[in-house]
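Undergrad: Structure of the sequence below:
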Amino acid sequence: MDTVPGTAYKIAQGPGAFSYSIDSLFLSYFARAKGRVLDLGCGPGILYFRSLNPDLKSYTGLDINPQALDYFRESLAYNGLGREVRLEEKSLEDFHEPGAYETVLCNPPYYQNYLRTENSEKNWAKHEGDLGLRDFILKGAQSLRPLGSLYLVLPADRLVDAMVFCRQGGAEPKGLQFLSKKSQGQAHWFCLEARKNAKPHLRVDPDLNLQDHRDLIYSGPRNL
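TA: Okay, the predicted model is just below:
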């Protein structure tokens, strides 16, 4: 069991399921999970444990990796949590709950097939395969209630794609923050909030970098 950064919770990780990395921590720092929450590609559950707050009413985790969901269940039992959690072993194509959620969290796959690794768990988590970024974003937007929020984390070079796909799904980009590896370095990741049926107005938050802000990101969700 590993400690979930910024919390006292423990999380099970190991062979057969992709472990969390800085992009998941950045997303859970940026996002505000409230109401009914959907986690697309939930893995072992890092976003759940980092996002727990009094405004969270229920949590649905979707993943095609059965081992990842087993780790999620093991962690829930270990921490004495989970009465509000529902885990679904389904593909994105087989999941249909339109307009059901106030919040959708998604750390989607973003690499093209030619960048595949030999690790199948990492391929599931980080490579687009048959389902692309557009599919994840459109499914997330479809699952939102009016004015609900879709939160994404992606490499900086997918920003234009992400914004276009959000608008195609009727989710207007409303909040944006960049994260670089070094101070004064180029942005490496971004987090984006897109709100269903909202009016255009994009808030760009101050950039962060891992040299100066690692402890801030690891500490847990930001104060809004």
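
Undergrad: Tell me the helix or strand right after the lowest-mean-pLDDT helix or strand in the chain.
TA: Least confident helix or strand, the chain: helix 120-126 with a mean of 45, by mean pLDDT, DSSP states H and E. Per DSSP states H and E, helix 120-126 leads on to helix 133-142 as the next helix or strand towards the C-terminus.

Undergrad: and Asp70, what helix or strand is that in?
TA: helix 66-79.

Undergrad: buried ones in that helix?
TA: Residues of helix 66-79 classed as buried: Gln67, Ala68, Leu69, Asp70, Tyr71, Phe72, Arg73, Glu74, Ser75, Leu76, Asn79 (neighbour count, 16 or more other C-beta atoms under 10 Å). In short, each C-beta sits where N, CA and C put it, glycine included.

Undergrad: Next secondary structure after it?
TA: The C-terminal neighbour of helix 66-79 among helices and strands, as given by DSSP H and E, is strand 85-89.

Undergrad: which secondary structure elements does that following strand contact?
TA: Where contact means 3 or more C-beta pairs under 8 Å, 6 or more residues apart in numbering; DSSP states H and E, strand 85-89 is packed against strand 56-63, helix 66-79.

Undergrad: what's the next secondary structure element after the lengthiest strand in the chain?
TA: Criterion DSSP state E: the longest strand present in the chain is strand 144-155. For strand 144-155, the succeeding helix or strand toward the C-terminus, using DSSP H and E, is helix 159-168.

Undergrad: buried sites along that next one?
TA: By 16+ other C-beta under 10 Å, the buried positions in helix 159-168 come out as Leu159, Ala162, Met163, Phe165, Cys166.

Undergrad: Near Leu147, how many other residues are there?
TA: Leu147 has 12 neighbours, counted by other C-beta atoms under 10 Å.

Undergrad: So for stretch 26-46, first residue to last residue, what's the gap.
TA: 11 Å (C-alpha to C-alpha, to the nearest Å).

Undergrad: ok, now stretch 1-20?
TA: Stretch 1-20: ends 13 Å apart by C-alpha to C-alpha.

Undergrad: cool, stretch 47-67 as well?
TA: By C-alpha to C-alpha, the extent of stretch 47-67 from end to end equals 17 Å.

Undergrad: in it, what counts as buried?
TA: Using 16+ other C-beta under 10 Å as the test for burial, stretch 47-67 gives 47-52, 56, 59-63, 65, 67.

Undergrad: what about that stretch, average pLDDT?
TA: For stretch 47-67, mean pLDDT rounds to 96.

Undergrad: same thing with stretch 195-202?
TA: Across stretch 195-202, pLDDT averages out at 98.

Undergrad: got it, and stretch 181-188?
TA: Model confidence over stretch 181-188, given as mean pLDDT, is 91.

Undergrad: Measure how far it is from the centre of its chain, please.
TA: 21 Å (C-alpha atoms, centre = their mean, to the nearest Å).
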